[in-house]
Structure formats: C-alpha cells, structure tokens
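Novice: Below is the sequence, then the predicted model.
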Amino acid sequence: MENTTKKYWKGIEEYRNDIEVVKNAEREFNLEDLDGGTHRRDFLKMLGFGVTAVSLAACDAPVRKTIPYLNKPESVEPGVPNFFATTYAEGGEFSPVLVKTVEGRPIKIEGNKLSKISNGGVSARVHASVLSLYDNEKLKGPQKGGEDISWEDLDKEVVAGLSSANNIRIVSSSVFSPTTNKVIADFKAKYPSAVHVTYDANGLTGMVDANAESFGKAAIPSYRFDNADVILGVNCDFLGTWLSADEFSTQWAKGRRLESGKDGKHTMSRHYQFETGLTTTGAAADYRGMIKPSEEGAFLVALYNKLSGSAIGNSSFKSELLDKCAKDLKAAAGKSLVVSGSNDKNIQVLVNGINSLLGSYGSTISFSKTYNTRKGTSAELNTFVSDLTSGKVDAVIFMDTNPVYTHPKGAQLAEAIAKVKTSVSFADRADETAAECKYIAPAPHYLESWNDAEPISGSYALQQPTISLIYNTRQPQSSLLSWAGLDADYHKYLKSNWKSSILSGKSWVSALHDGVYETGVSASEEPSLSSDLGSAAAAISSIKDGGLEVSVFESIAIGTGRQANNPWLQELPDPISKVTWENTLAISQKTANELGFEKGDWAKLSANGYEIELPILIQPGQAHNTVSVAMGYGRTAAGKAGNVGANANPFMSNVNWVGGASLEKTKSGYTLAQTQTHETVMGRQAVVQESILSEYVKNNKAGRFEPMIETSEGAVKPYTISLWNGHEKKNHSWGMVIDLNTCTGCASCLVSCQAENNIPVVGKKEVVRAREMHWIRLDRYYSTDADTEYSINPSHLEKMEHASENPEVVIQPMMCQHCSNAPCETVCPVLATTHSSEGLNQMTYNRCVGTRYCANNCPYKVRRFNWWKYYENEQFDYHMNNELGRMVLNPDVTVRSRGVIEKCSMCVQRIQAGKLQAKKEKRRPVDGEIEVACSQSCPTGAIVFGDMLDPESRISKTLAREKEGRAFHVLEEINVQPQISYLTKIRNKDLEDSKAAHIHAAEAHHEEPAHETEEHHTEEQHG
C-alpha cells in the first residue's frame, strides 16, 4: 500500500493490546460462563445434545394458532407482500416511507423514492419504528388516575373540565401537519382561552430567533450541501441528527462521489468540522478540529474577522486549521456553506453574517423554502411552566411531547401538573408526563393513523394506517374534534381539507398512492442581512471558559428518547463509540490522565445543581477538559428495555452545554457493552485503503494495495494461483460495491438488515460477552499519526503506543463477503455452508450442528453463533417473547434457534422473489428491481447491489470503471475472491497535511500535547 504511515485500530484497548482484547482474540467463542469454559471440541457434549438432537432443534418451527380465511380480503394473498405509502412524522423527525405488510401486519419500512426530500433514504430510527408498533407495554385503552375508563366517560369528563376552564394550554412538539393545525384552530375556536405552546426536545430555538433578528423571518431556511464546494460544520452533526440528516446526507454524498477513468468525476467538496465530541459528521470530514463549547463563539468571531478583514468582538482564538478553513471558504465564495448546531442566538446571528459575507444565500441556503420542523421555542415552554406553577392554567393537554422528561425544568413541571384541574396526555403509555396527568387518552402508532405533513413549505406527505388498531386507542385529532363538538372522523376531515386546500383539483387517490405531493414554491428574493453583528460578537465575548464543560448531544440510535423502549435501537452500537444499552461520560485520554480515570471507572458528574452517575468512556477525538453525554437515556417510564442510562437533559438550559462541572470517581472494574473490538482484525494489512484527492487525480489507483505472489515465473496476482476449481456462474453473479467515500456510519443498513432477516436482540449481558447477532457491522477504524514502518528503535516503538488525540476515522461496513473460494465451506463437516451457482455463500440451518469451524475459519469474522433460543425466552425479554412482538417477524426468513451459525445471506429471499416475478413475466430481472435490505436503506447510496453478469447493471458499470481505479477486495492477498468490493477512501486534504501530524484546534487551548501527559499512564498500564 503506498504512503502507508498509519496504523488502524478499532479502539484504545486494541491499540494498546490490553489483556482483555488479547483474551478475546485468542478465545473467539466466549465460553467462560458455560460449564467452566468448555473447549470447542467438547461443544456438543457441553450442551447435552447428540448431533441428531442439535439438527432437530435447528429446524424446529412449531405452528401455533393457524386461522384460515373465511372471506379473504381482495388485496391479501398469502405469502405476497403489499406496500403502502405513508409518513413517519414524529417529534420533529420526518421521512416518507413505504411499509411492507404481510397478511395485514407491517413488518418492514422501506424508503419512498418519490420523495424529493429523502430520495428514498431511511434513518435507523425510522427503520426501527415498525418494532415500536408491537410494543406490548403500551396502554391498552384510556385511563383516569391509573385506572381504566371508557372513552365515553373520558370525553364527558374532559369536556366538562374544558368548558369550566378559563385558561387552557395545548402543549406539543412542532406541528408540521397542516390538517392537525386546522384541528387545533377549530378547537381554539370552541375554547377561546386555549393557547398552543410548541416545544421540541432538541429544537432549533437559537436559529429561529437569529433569523427573525437577521432577516425578519422566524424560520429555518433550506440547505443545499450538494451546491457547496467548501462546507464548515461547527458542533453540527448534519449527517447524523441535525434538522434533516437523511436529506443532507444525500446532498453531501453527491459532492463526495468520485469516478475513475479519463472522463470520470475527479472533484469533490472539502469538508471542515469543528466540534467537541467526535460525531459521524466529524468522522466524515476532511479536516476536523476540537473545540470546547465555550470556544464555539470565539471561533466564529475569529473566522468572521479573517473573512471580512474587520475586528468585531474580542476573540483570541487562533489555530492553523482556522486560517486554512477561512482561506478555502473565501476562495469558494458563492459555493460555500457554514452551519452551526448551537442554540445560542448570538452565535447563529454570527453564522448568518458569515454566510451572507460568503454569498451563500440563494446558492447553498434559501428562504424560498423553509422547514416547519423543530421550530418550537424554549421561551414558550418556560412561560408555560411559569403560568402552570403560579396556578394560572386550569386545563392542559399534552400532544406528542414529554416535557417532564425532556425539559430541564421537568421536576418542577411534574409538581405543577398534579395541581391542574384537568390534565390530559395523548401518550401511548404512562410516560413521565402522562403519569402526572389526570387522564391519558392514548394515541395509536403512526402506522395505525391518518395524518399529513408539510415538513418543508410546498412539500406535502400523507400518512395512512397500514394495520387496524391493535388496542383501544384514538388519534389526538379525533379527540380534539370530539371535544370541540365536531365530527370526530379524522379521515373524513383530512380528506376534505386536502381537497379544499391542497390538491387544487388533483386526485386524492393518486396523492395517497404516491404518499408525497409537491405544490412547488415560487422562488423569491433572498432577504438581506440586517442584524448588528457587533452586538452579537460582544455578547459572545462575554462567554468565558467554563473549566470542565458538559456537552449534551443527540445520539443516532436513541435520539431524544421517544423510542427508548425499542430494543433494536438500544442494541444498535453507536457508530463512533460502539457502546450499546447505555449512555456514557466521554472524555479525552488527556483529561482522563489529569483526573485519574481509567477504562472501567464510573463517575459522578455534577454541574448546574444536578448530578448523574455513568461509566467513563475514554474517547479519541474528544476535546480536552470536556465531557460529552447523550440525551435520550435515563427514562423512568419508557418500559423494560428503555429504562436504562441516566438523564442528561437537566444539564441544558437555553443551550446544550454547561460549564463548571466536576467528575468524581465512584467505582471501578466495569465492562461496557461495547462492540468496537469484537471480531478484531488487528495485525492484518490492506483492510482499509485510502488516499488523498491530489494523489488520486494523478493516479486513480492511489492508496490501493495490490498484493503480488512470487513464483518461478515472477510476481503474479494472488487470484491467478489457486487449488480450487472455481464455481461457474452461468446465469447470475450477485455482488456489492461499497463506497467508503460516501458511507457515514449512519447504521440505517444495520437496522434494515435486522428487520428484514429476523435478527434477534441479545441484551447488554450478551453483548459484553461479544455475542451480538447483527449480520452487518460497521467497523470504525481510528488511525494514529505515528510512523508504523518497522524500526529497531525503542523511542519509535514508544511513539507507536500513543493513540492520536484527534484521529482520522474510516467506517467500513462488513458482512459476509460471499467468497468464491470460501474458507468456511471447506471445513464444514456436514455441508451446512455451501456455494450457490449465483455466487452466494449459503447456510442450511437444519444441517448445521454448531461446530463453529466455519466461524473459526472466516477471515472476516462475520459469522454469528446462536448461543440461546432468543425468541419465546423470558431471559431475552425484547418483544420476541410475546405474541404481539413476534408479529414483526418476516415469514420469508427462518427464525433461527439455538446451536446454529448464521450470517448475511445477501437477502436471498428478496433475490428469489425478484427472480420469480421476472420468470412469471417471462423476462430477466431488471437492474434495480431487486434490492437487498442494506442497499435499499442507505441514504447516501454508498452500497450498490446487483448482478455482475448483467453488463448494463450499475454494479457492472461501476466495477468496469473502478477496476483500474478505486475498487479493491478486503484481504485480497489470501485469494478468497469475495463478491463484495470496496472503493478506496479519498480525503480532500492537501498532501503536506496528510503526511504531517493532524492540525487541530487544541492549539487554542494553550495546552501541552496529550502524548506527553499520556506517557506515564501508558508505562503504568504496561508495567
């Protein structure tokens, strides 16, 4: 591999060769808790089975409660799925989707490619939402004071309470449903004292207020990352959780895509990121700097002054990377974009000034189309809390919000709600807010509901039920209409509103079929900046260093905690930390050294009069003297799976950070449920291949590792020498190409695969033992700056021990590579794993006896062994041990039992379904009509699937173009000939920066390099 001066490692533990990692590597199958660590050769004896018994258990699939149709619905054919267009729109999140239903039950979420917003991309949380439909812990009907009540009695009592109330409040998250807003207007017409208060758990109050001051528009503009040549994100995870991450990921990927060959695309955007904690967006950036939250404003003031040549404010922030960023932004004026995730109005005013200076409005930012999501303001809810505690509110209704949990003043709010005469929550369970209310009028899941959405002005979407009501629930809109004395049929109301106000004579049926509807918005002149940047800069200058600062962020998996009781999301490894089932206190190695923390420690974090206790995570890329902690955890009334971790929301006030914090060690010896060093590849070369743009332009094979084998006739490529006869592929050869340039690690593919293939949840205890069952993993590799070329020099070896404090990151999806020379197939004693005539490595579960020879022989470590029967098992209470939870299972895929190996099948059931459909129509499958779950869900299009024998397929064209360019096989030198190719990671960095140590904003901290302070710690660890 050319220019290889970096060593890749999955975690600090692996890099330092900690004893736990060494043990894991030597003992691939973790047996210590089974009969005292039985050896592999005694496996069947240990389980108390004979070979026959294991085989029978593997194919055991009892049929229960089979009910024949008396009158079969016309649209239902047994074994044939139906798809319905609907919309996920909850808590400020939005995604037009297609729902796959089998005999009346939704089992899978797909992306709606007709949407101009998402373009078919679906986030991990939206994918997982289908499991939340079958949550057995939801309320079964309305309640009063914790006791069941009929809807008739509830309506009667609530109407009586509302009629006698002088001050009514409806508290909700941002409502971007035009028809729901009309319902609220009708309700307010009936009850004139009603006031609608909007509040979002992680809203964009600062941006809305700043735009009102800067442009006279209290709105959130639309962004076009694909129009930007230079992008700067400042504590803004726009590829992960900020505003409209799926949409922005799609746009960002367009600017990062490269094509080899003479006429290929050889340009890409340059992405800078300055942030406190390492995010998926920071991991994807070309240049990344570390800043404390208190430095964000000073950084932007310094940037503005460099761009404008003026000297507003009083910023002493200096960094070589800041100078470079300013130079590139200025050179790309008109095609640059700066975004900030801060909720500080003054910081957002300054961002507006920078974008105006760069000419971004009308190019990469536009007010012609604005977002209707996440517009709720903290000021509104603070006023509501004040009114509530002072006894001014007689009745309150909570809709699609849980402020007792999410708001910093939640405890105060809980006390005040109990004193209100009439309090109602539309929550689906007795959550933290609903439990304090007198009445709970439970709302159904969105897949059981009618509604609409207008997330961006002019872009509409419809929501329709895909299953009949599971429980005795009712839509909030129907309740409000009923209490207003109107017809409570919300479907009829919705249809009437669309015909009269939205469709303009167009077909309702057509709009419902498509799921999305565009009316278009006429382009308008962009407003001019009118705010006082000097005042904003002066206010920013008053922000002082807060000592140890706490940054509260939104994680990709759990978000704000709405779906905390979803086991798929709880077990989803965080793309960066790889932690599951809890949140942590993330600190840098330098901060850990200074405060005396080590791996396995727990600490009490105190700040702003509030404290929590969580495990310490030593996280590369974390800004020094800061602690990052995820919101969404610490629920107390989410359910059995969701009540984990600690609640970080009280740390926030108007912004998402607080200073003056302290950390106190409470205990040691804890093991995180962390997957980052499971299935280690340490010591192997050519797993990750990367280069920089300037080198790629000169040579499309830049960064490629092309192994050669010496023979008597000279050096030859590995695949030219083989003991195998090979496998003839006459009809199809299914494969994938994965572009490392556009993979962000969003984990959509992982949850999509889990839903499609009935992959079980194993729980925190099993994850700790390295027994997670996911068929696809997202390997996250850090790199070090040390020269890894061998040198007999003690000081050289010592440097290699030091992890980079701000590493470059590569995220590589890894699943079964479906090798043509598969090492697993040669060692299976019962032919449970075989090769198909179409290039797939197959598993026959009822032949597998669980020897695990195949997993031991797999160079990619992608095979999973079922230690337990995970469904119908009270030890694994994650929705699969009850009949309702098992409704999510895909009938096309076998539910595997204990004692068998499983792994990626390349969604063979989808391939077969597509082939059968084409066969019925007497044709070959058309490229694109067969999609595997991971490629179908990817927002950036990083995964391309298809038939490599079809010369017109995308994958064939990509491989033809990239064969002499970026395409490579992982571990090509061992000649297993995978069906999956990867495209080299290319960064848009300057050559001198790629060879030098990382530039980062730690310079502004005026601190000594972390390596010097780590020296003593490292020596202690290694004796």
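Specialist: Now that the structure is in, tell me what you want to look at. Residues are numbered from 1 along each chain as shown.
Novice: Now do the strands in the stretch 1-150 of the chain.
Specialist: For the stretch 1-150 of the chain, the strands defined by DSSP state E, counting those that start in this stretch occupy 8-9, 82-90, 93-102, 105-111, 143-144, 147-148.
Novice: and the gap between residue 781 and residue 620?
Specialist: According to C-beta to C-beta, to the nearest Å, residue 781 and residue 620 sit 11 Å apart. C-beta here means a position set from N, CA and C on the backbone, and glycine is covered the same way.
Novice: Same question for residue 654.
Specialist: For residue 654 relative to residue 620 (C-beta to C-beta), the value is 30 Å.
Novice: next one: residue 255
Specialist: 27 Å.
Novice: These two: who's more crowded?
Specialist: Under the criterion of other C-beta atoms under 10 Å, the comparison of residue 255 against residue 620 puts residue 620 first, with 23 against 20.
Novice: my read: that one touches residue 589, true?
Specialist: Yes: at 7.2 Å, residue 620 and residue 589 qualify as touching, with contact defined as C-beta atoms under 8 Å.
Novice: right, and residue 953 touches residue 947 too?
Specialist: Yes: using C-beta under 8 Å, residue 953 makes contact with residue 947 at a distance of 5.3 Å.
Novice: Overlap in contacts, these two.
Specialist: residue 927 (C-beta atoms under 8 Å, 6 or more residues apart in numbering).
Novice: Please say which of these two ends up with more neighbours.
Specialist: A direct count of neighbours by other C-beta under 10 Å for residue 953 and residue 947 places residue 947 higher, at 25 against 20.
Novice: So what pairs up with the more buried one in the strands?
Specialist: Under DSSP bridges, the beta-bridge partners of residue 947 are residue 734.
Novice: show me the contacts for it.
Specialist: Applying C-beta under 8 Å, 6+ apart, the residues near residue 947 are 732-734, 925, 927, 953, 955-956.
Novice: neighbouring contacts of stretch 513-529?
Specialist: The contact list for stretch 513-529, computed with C-beta under 8 Å, 6+ apart, reads 85-87, 96-98, 112, 114-116, 214-217, 352-353, 356, 361-362, 366-369, 457-462, 502-504, 506, 511.
Novice: let's go with 6 Å and repeat that
Specialist: Here stretch 513-529 makes contact (C-beta atoms under 6 Å, 6 or more residues apart in numbering) with 85, 96, 112, 114-115, 214-215, 356, 361-362, 367-369, 457-462, 511.
Novice: Buried only: go through those for me.
Specialist: The neighbour count (16 or more other C-beta atoms under 10 Å) marks 85, 96, 112, 114-115, 214-215, 356, 361, 367, 369, 457, 459-462, 511 as buried among these.
Novice: which ones among the residues you listed are found in strands?
Specialist: 85, 96, 367, 369, 459-462 (DSSP state E).
Novice: So which of the residues you listed is the closest to residue 402?
Specialist: Nearest to residue 402 out of these is residue 461 (C-beta to C-beta; 24.1 Å).
Novice: Chain neighbours aside, what residue packs nearest to that closest one?
Specialist: residue 87 (4.2 Å; C-beta to C-beta, 6 or more residues apart in numbering).
Novice: What pLDDT does the model give the residue most central in space within the chain?
Specialist: Nearest to the mean C-alpha position of the chain, by C-alpha atoms, centre = their mean, lies residue 556 at 3.4 Å. Residue 556 is assigned 94 on the pLDDT scale.
Novice: likewise the one 3 residues further on?
Specialist: Looking at residue 559, its pLDDT is 93.
Novice: which secondary structure element contains residue 346?
Specialist: According to DSSP states H and E, residue 346 maps onto helix 345-357.
Novice: Need the residues that contact that helix.
Specialist: So helix 345-357 is contacted by 206-207, 209-210, 214, 297, 300, 304, 307-308, 338, 340, 365, 529, 531, 533, 536, 539-540 (C-beta under 6 Å, 6+ apart).
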